[in-house]
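A.B. asks: Sequence plus predicted model, see below.
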Amino acid sequence: MGEILSCCPIEFVNVGEYTLEIPNFGTLHEAFEYCEPNPSGLINDKVLFAKVAKKLANKQGDKEVLWNLLDQDGNGAVSFPEFVEWAEACDVTLPTGVGGGDAGVAFPPTWAGPRNDKTWNRRVEVNDKKVLKELQELLDVTYKNKYTRDRDKTGRKEVPKAFKLVRALRSENYHDWRGYYLKRHLIERQVKANTDFRKFRPLTADAKDLCGTRHRVRGYVNEWLLFHGTSAEAAESICKGDFTMRLAGSATGTMYGAGTYLAESVTKADEYAKEEDGTCAMLVCRVLGGLVLYNDDGSPDANMLQEQALSKGYHAILGDREKVRGTFKEYVVFDADQIYVEYVLFYKRKY
């Protein structure tokens with residue numbers, strides 16, 4: 001999800017699809033369901049959305065122009081939180097129809113900012129020694145002395161012996177949290193209705209004080225804390241905006257599809273962290289795994305896996321390279337609303 005674009009009047013173009021009668025919607029979720037989301041909860045039918053746009057907001061015009069006002073990150077697929085954001089920008093007053101979406105957002109236990117400011121977006125220095133100790137514990141319990149070729153990107157082949165936390169920022173972004181919160185309600189519905197649901201426990205869950213007591217991570221819906229290695233500049237950009245997904249194109253060049261990759265081990269995430277003046281940056285993210293497509297193939301077919309995940313209702317892929325190569329598990333999600341940044345960590349590699 002990116003910056004909200006103005007839904008200004010669009011010049012009418014008669015393409016014929018808009019003349020069909022469609023029902024009156026009582027909630028935004030009913031309208032979203034009319035757009036026929038795939039089993040993973042994403043819509044991509046531009047014609048159906050054009051009908052809904054006319055019905056809800058009297059927005060008429062070329063379906064590509066209408067779609068671009070909705071799909072602001074340009075990834076070709078739109079989630080329900082993105083749909084809600086579009087509707088609100090167009091002054092559509094229907095309730096969301098999703099539990100918790102209208103009665104007020106329930107914030108994370110650590111939230112310290114205002115709860116009625118939709119523009120709130122801050123990074124706050126962590127000074128609490130107990131929290132810093134818990135974050136260092138997270139680095140310690142997820143450390144693995146394992147080398148992969150991606151380690152070479154850091155400029156050294158040697159795996160660090162430890163990672164020492166220097167400072168931490170807690171991220172608060174109302175816009176991103178609300179999207180994540182709505183998505184969690186929808187995924188909880190799907191999980192409860194699926195008899196094949198399987199829970200996965202990541203390595204980060206061993207940091208019990210942080211995952212359990214402090215953040216109350218919901219394992220029953222495969223909610224996890226995971227790492228994402230990056231640069232300090234990119235970390236702030238992600239916190240201000242969102243992860244960018246590119247699902248419309250090919251997944252070639254990625255192992256499990258064109259989603260966002262996260263790690264349960266600090267060592268794996270560190271392979272993608274950029275060192276600046278001796279300090280590296282990494283995100284700790286709350287992630288919704290939901291229904292997980294587990295894969296332990298030695299040579300996975302990325303395009304096939306991505307298509308299977310999106311067409312059969314999976315919310316994430318878990319690639320078990322630990323099992324097949326003795327290295328690390330990789331977690332992949334295809335909807336930015338399934339990721340919420342909790343912390344930006346700055347740390348040093350100890351060799």
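C.D. replies: Looks like it came in fine.
A.B. asks: now the helices: where do they sit in the protein?
C.D. replies: Along the chain, counting by DSSP state H, helices occupy 28-34, 46-57, 63-70, 80-89, 129-141, 174-192, 208, 232-240, 266-270, 302-311, 321-325.
A.B. asks: ok, and what's touching the second one?
C.D. replies: Looking back up the chat, that one is helix 46-57. Contact partners of helix 46-57, identified using Cβ atoms under 8 Å, 6 or more residues apart in numbering, comprise 7, 15, 17-18, 20, 22, 24-25, 31, 34-36, 43, 59-60, 63-64, 66-67, 70, 78, 87, 90-92, 94. The way it works is simple: take the backbone N, C-alpha and C, and place the C-beta from them, glycine included.
A.B. asks: Select only the buried ones of those in ChimeraX?
C.D. replies: Restricted to buried positions by 16 or more other Cβ atoms under 10 Å, the ChimeraX selection for those reads:
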select :7,18,25,31,34,35,43,59,60,63,66,67,70,78,87,90,92,94
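A.B. asks: so which of the helices of the chain is the most packed in?
C.D. replies: The highest average neighbour count among the helices of the chain, using mean count of other Cβ atoms under 10 Å, belongs to helix 266-270 at a mean of 25.
A.B. asks: Could you list every helix and strand in contact with that one?
C.D. replies: Counting contacts by 3 or more Cβ pairs under 8 Å, 6 or more residues apart in numbering; DSSP states H and E, helix 266-270 is packed against strand 162-173, strand 223-230, strand 280-288.
A.B. asks: can I get those strands in JSON lines with distance to residue 201, mean pLDDT and mean neighbour count?
C.D. replies: Below are the helices and strands packed on helix 266-270 laid out as JSON lines (distance: least, Cβ to Cβ, whole Å; pLDDT from 0 to 100; neighbours: other Cβ atoms under 10 Å):
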{"stretch": "strand 162-173", "distance to residue 201": "22", "mean pLDDT": "97", "mean neighbour count": "19"}
{"stretch": "strand 223-230", "distance to residue 201": "8", "mean pLDDT": "97", "mean neighbour count": "24"}
{"stretch": "strand 280-288", "distance to residue 201": "13", "mean pLDDT": "97", "mean neighbour count": "25"}
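A.B. asks: Output these as TSV; include the columns distance to residue 351.
C.D. replies: As requested, the helices and strands packed on helix 266-270 are exported to TSV (distance: least, Cβ to Cβ, whole Å):
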stretch	distance to residue 351
strand 162-173	9
strand 223-230	17
strand 280-288	13
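A.B. asks: Can you tell me, leaving aside adjacent residues, what's nearest to residue 348?
C.D. replies: residue 164 (4.9 Å; Cβ to Cβ, 6 or more residues apart in numbering).
A.B. asks: now residue 332: how far from residue 195?
C.D. replies: 24 Å (Cβ to Cβ, to the nearest Å).
A.B. asks: Same check on residue 222?
C.D. replies: Taking Cβ to Cβ as the measure, residue 222 falls 15 Å from residue 195.
A.B. asks: So these two - more neighbours on which side?
C.D. replies: Between residue 222 and residue 195, counted using other Cβ atoms under 10 Å, residue 222 has the larger neighbour count: 25 against 5.
A.B. asks: That one contacts residue 201, correct?
C.D. replies: No. Assessed by Cβ atoms under 8 Å, residue 222 is found out of contact with residue 201, at 9.1 Å.
A.B. asks: How about the contacts made by residue 35?
C.D. replies: Neighbouring residues of residue 35 by Cβ under 8 Å, 6+ apart: 43, 45, 48-49, 52, 83.
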